[in-house]
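**Student:** just the structure for this:
(chains A and B)
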There are 2 protein chains.
Amino acid sequence: MEVKVLTIKEDILGVNEKKAAKNRERLNEQRILTINIMSSPGAGKTSLILQAITGLKGKLRVGVIEGDVASQVDADKVHERGVPVVQINIPGGCHLDANMIESALNNLPLNEIDLLFIENVGNLICPAEFDLGEHKRVILASTPEGDDKPYKYPLMFTEADVVLVTKVDLLPHLDFQMDHFHKGVTGLNPDVKIFPVSVKTGEGLDQWFSWLIDQAKELKARPARR
Amino acid sequence: MEVKVLTIKEDILGVNEKKAAKNRERLNEQRILTINIMSSPGAGKTSLILQAITGLKGKLRVGVIEGDVASQVDADKVHERGVPVVQINIPGGCHLDANMIESALNNLPLNEIDLLFIENVGNLICPAEFDLGEHKRVILASTPEGDDKPYKYPLMFTEADVVLVTKVDLLPHLDFQMDHFHKGVTGLNPDVKIFPVSVKTGEGLDQWFSWLIDQAKELKARPARR
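**Tutor:** A predicted model of the protein is given here:
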């Protein structure tokens, strides 16, 4: 019985990886920098995307894929900003997969997008296992969640390219030791970039936007495949 | 292929339910009020349990089962309070199941416990699907996560007996509309109890402790099975 489950699970992940590779190829061809944003529920993924839409205006044309168990409240907020967006709802699911992203790509005006944010389902565990075809993985760790999250949810932090420590405006009211957090993250993943940010005060956002612009430039500069 | 996955999933849930019923029978016989505590990562489950250990001293003898993907930092904190505790680590897993709880029960001094807290894995999605054999389900919703969580993660809130709105001391620094949150929860689950609490200021804790004491009394007063 157990073996059967494992076999199917491996198949699912195998199929997902193939589909993710296809998505990545398509995004490379179109030169669309694609960022998979993952975190616990309520760490500030949507707010950060909304800030980037405003902050990157005139520099990068943003598109968004919103993943949620239910509701389209996040997609509505993005849509109000006049940015192309697709909402994926997965009742009973706990993560996005590459197949869902392919469907979303088929419903976006790809030639009008330089930077595609994929807001994954709020979940610090399951999404880490599924490659979507993104270029970079960005994890949000919200300061009110506490400084022990990398120790308790190691896979997510091991797989990250960037960790954004969000809601740093709340630090005076919390028992969050930044050193302890940093030690936890870099112990798992020494090359990761860590940016402390606050959407409320604007702290750290310029650094994060610069990183995005650099990544997009690098992708645009890649030689075309023959 | 899809049918196979569904069949196995149903089997898993069927097996889990049988095991959960066995656990519940055992906990009923021993008159141990058992609370399954679920939330996003960092909503304050452990802090709340630690407060209950102190606040209920002399009234209820507490025991704890800690569920985590990795680490035993939470179990260590409980152990320091001199309370029986078992840590369950599930690398690659995203929720506790009834089988894990059976193993934990086998490793706890059950005749020294009136109130057993099961701290589930920090995850607002997957744990909702698995009955552990508990008497009551308590969901923590942390104010910094935002007031839209019941709309985005409906199953968890539908299945709750109690919702504790945690970290209410941070409300002056947040855009959290309590009315909007309440409306979301009671729309899914009209009979649920909602207690706003803060471990930092102590707000609301007495009400929550009273509820626990009442539930434990009720369980003790049940006629014994023949």
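**Student:** in a helix, A:Gly122, correct?
**Tutor:** No: the assignment for A:Gly122 (DSSP: H, G, I helix; E, B strand; the rest coil) gives coil, which keeps it out of a helix.
**Student:** check contacts around it.
**Tutor:** Taking CB atoms under 8 Å, 6 or more residues apart in numbering or on different chains as the contact definition, A:Gly122 lies against A:Ser39, A:Ser40, A:Pro41, A:Gly42, A:Ala43, A:Lys45, A:Asp68, B:Ser40, B:Leu124, B:Lys152, B:Tyr153. No exception for glycine: its C-beta is placed from N, CA and C like everyone else's.
**Student:** what pLDDT does the fifth one get?
**Tutor:** Predicted confidence (pLDDT) for A:Ala43: 98.
**Student:** give me the neighbour count for it.
**Tutor:** For A:Ala43, the neighbour count with other CB atoms under 10 Å in any protein chain shown is 31.
**Student:** next one: the third one
**Tutor:** Here the count is done by other CB under 10 Å, and A:Pro41 has 29 residues near it.
**Student:** please identify the helix or strand for it.
**Tutor:** Take DSSP states H and E as the rule and A:Pro41 turns out to sit in neither a helix nor a strand.
**Student:** leaving out the residues flanking it, which one is nearest to it?
**Tutor:** Setting aside the residues directly before and after it, A:Pro41 is nearest to A:Gly122 in space (CB to CB, 6 or more residues apart in numbering or on different chains), at 3.3 Å.
**Student:** next, find the distance separating that neighbour from A:Lys152.
**Tutor:** Taking CB to CB, to the nearest Å as the measure, A:Gly122 and A:Lys152 are separated by 16 Å.
**Student:** and if you look at A:Val83?
**Tutor:** As defined by CB to CB, A:Val83 lies at a distance of 34 Å from A:Lys152.
**Student:** and the strands in chain A?
**Tutor:** Taking DSSP state E, the strands of chain A run over residues A:33-38, A:62-68, A:85-89, A:115-119, A:136-142, A:162-166, A:193-196.
**Student:** what residues does chain A have near chain B?
**Tutor:** Within chain A, the residues that sit near chain B (CB under 8 Å from any CB of the partner chain) are A:1, A:4-5, A:8, A:11-12, A:40-43, A:68-71, A:73, A:94, A:121-126, A:142, A:144-146, A:148-149, A:151-155, A:167, A:169-170, A:173.
**Student:** can you flag the buried ones in these?
**Tutor:** Among those, those scoring as buried are A:40-43, A:68-69, A:71, A:94, A:121-126, A:142, A:144-146, A:148-149, A:151-155, A:167, A:169-170, A:173 (criterion: 16 or more other CB atoms under 10 Å in any protein chain shown).
**Student:** and stretch A:107-116, end to end?
**Tutor:** Separation of the first and last residues of stretch A:107-116 by CA to CA, to the nearest Å is 13 Å.
**Student:** who's in contact with that stretch?
**Tutor:** Defining contact as CB under 8 Å, 6+ apart, one finds that stretch A:107-116 is touched by A:27, A:30-35, A:52, A:56, A:60-65, A:84, A:86, A:212, A:216, A:220.
**Student:** over to the residue lying closest to A:Glu145 once chain neighbours are set aside: give its phi and psi.
**Tutor:** Of all residues not flanking A:Glu145 in the chain, B:Gly42 sits nearest, at 2.7 Å (CB to CB, 6+ apart). The phi and psi torsions at B:Gly42 (degrees, to the nearest 10) take the values phi 80, psi 20.
**Student:** let me see the contact set for B:Gly42.
**Tutor:** Under the criterion of CB under 8 Å, 6+ apart, the neighbours of B:Gly42 are A:Ser40, A:Ser142, A:Pro144, A:Glu145, A:Gly146, A:Lys149, B:Gly122, B:Ser142.
**Student:** output the lowest mean pLDDT helix or strand found in chain A.
**Tutor:** Taking mean pLDDT, DSSP states H and E as the measure, the helices and strands of chain A show their lowest mean at helix A:2-29, namely a mean of 76.
**Student:** and the residue nearest to A:Pro41, how far from B:Leu27?
**Tutor:** A:Gly122 is 31 Å from B:Leu27, by CB to CB.
**Student:** same question, A:Tyr153
**Tutor:** A:Tyr153 sits 29 Å away from B:Leu27 when distances are taken as CB to CB.
**Student:** flag the shaky bits of chain A, pLDDT-wise.
**Tutor:** Within chain A, the segments meeting pLDDT under 70 span A:1-11, A:225-226.
**Student:** please name the bridge partners of the residue nearest the centre of chain A.
**Tutor:** For chain A, the residue nearest the mean C-alpha position is A:Ile37 (1.2 Å; CA atoms, centre = their mean). Here A:Ile37 shows beta-bridge partners A:Glu119, A:Val138, assigned using DSSP bridges.
**Student:** quick check, it in contact with A:Val121.
**Tutor:** No: using CB atoms under 8 Å as the test, A:Ile37 is too far from A:Val121 to be in contact (10.7 Å).
**Student:** what's the neighbour count on A:Lys18?
**Tutor:** Count around A:Lys18 with other CB under 10 Å applied: 12.
**Student:** quick one, what contacts it?
**Tutor:** Here A:Lys18 is in contact with no residue (CB under 8 Å, 6+ apart).
**Student:** could you report the separation of it from B:Leu56?
**Tutor:** From A:Lys18 over to B:Leu56 (counting by CB to CB), the distance is 54 Å.
**Student:** again, but for A:His135
**Tutor:** Using CB to CB, we find A:His135 at a distance of 51 Å from B:Leu56.
**Student:** again, but for A:Pro196
**Tutor:** Here the criterion is CB to CB. By it, A:Pro196 lies 38 Å from B:Leu56.
**Student:** look at these two and report which has more neighbours.
**Tutor:** Neighbours were counted for A:Pro196 and for B:Leu56 using other CB under 10 Å; A:Pro196 has more, 20 against 17.
**Student:** mind listing what that one touches?
**Tutor:** Applying CB under 8 Å, 6+ apart to A:Pro196 gives the contacts A:Leu164, A:Val165, A:Val168, A:Met178, A:Glu203, A:Gly204.
**Student:** what do you get if the cut-off is 10 Å, keeping everything else the same?
**Tutor:** By CB atoms under 10 Å, 6 or more residues apart in numbering or on different chains, the contact set of A:Pro196 is A:141, A:143, A:163-168, A:171, A:178, A:181-182, A:203-204, A:207-208.
**Student:** partner residues bridging it?
**Tutor:** On the basis of DSSP bridges, A:Pro196 is bridged to A:Val165.
**Student:** same check, this time on A:Asp68
**Tutor:** Listed beta-bridge partners, A:Asp68: A:Asn89 (assigned using DSSP bridges).
**Student:** who's in contact with it?
**Tutor:** Here A:Asp68 is in contact with A:41, A:46, A:74-75, A:87-91, A:93, A:96, A:119-122, B:151-153 (CB under 10 Å, 6+ apart).
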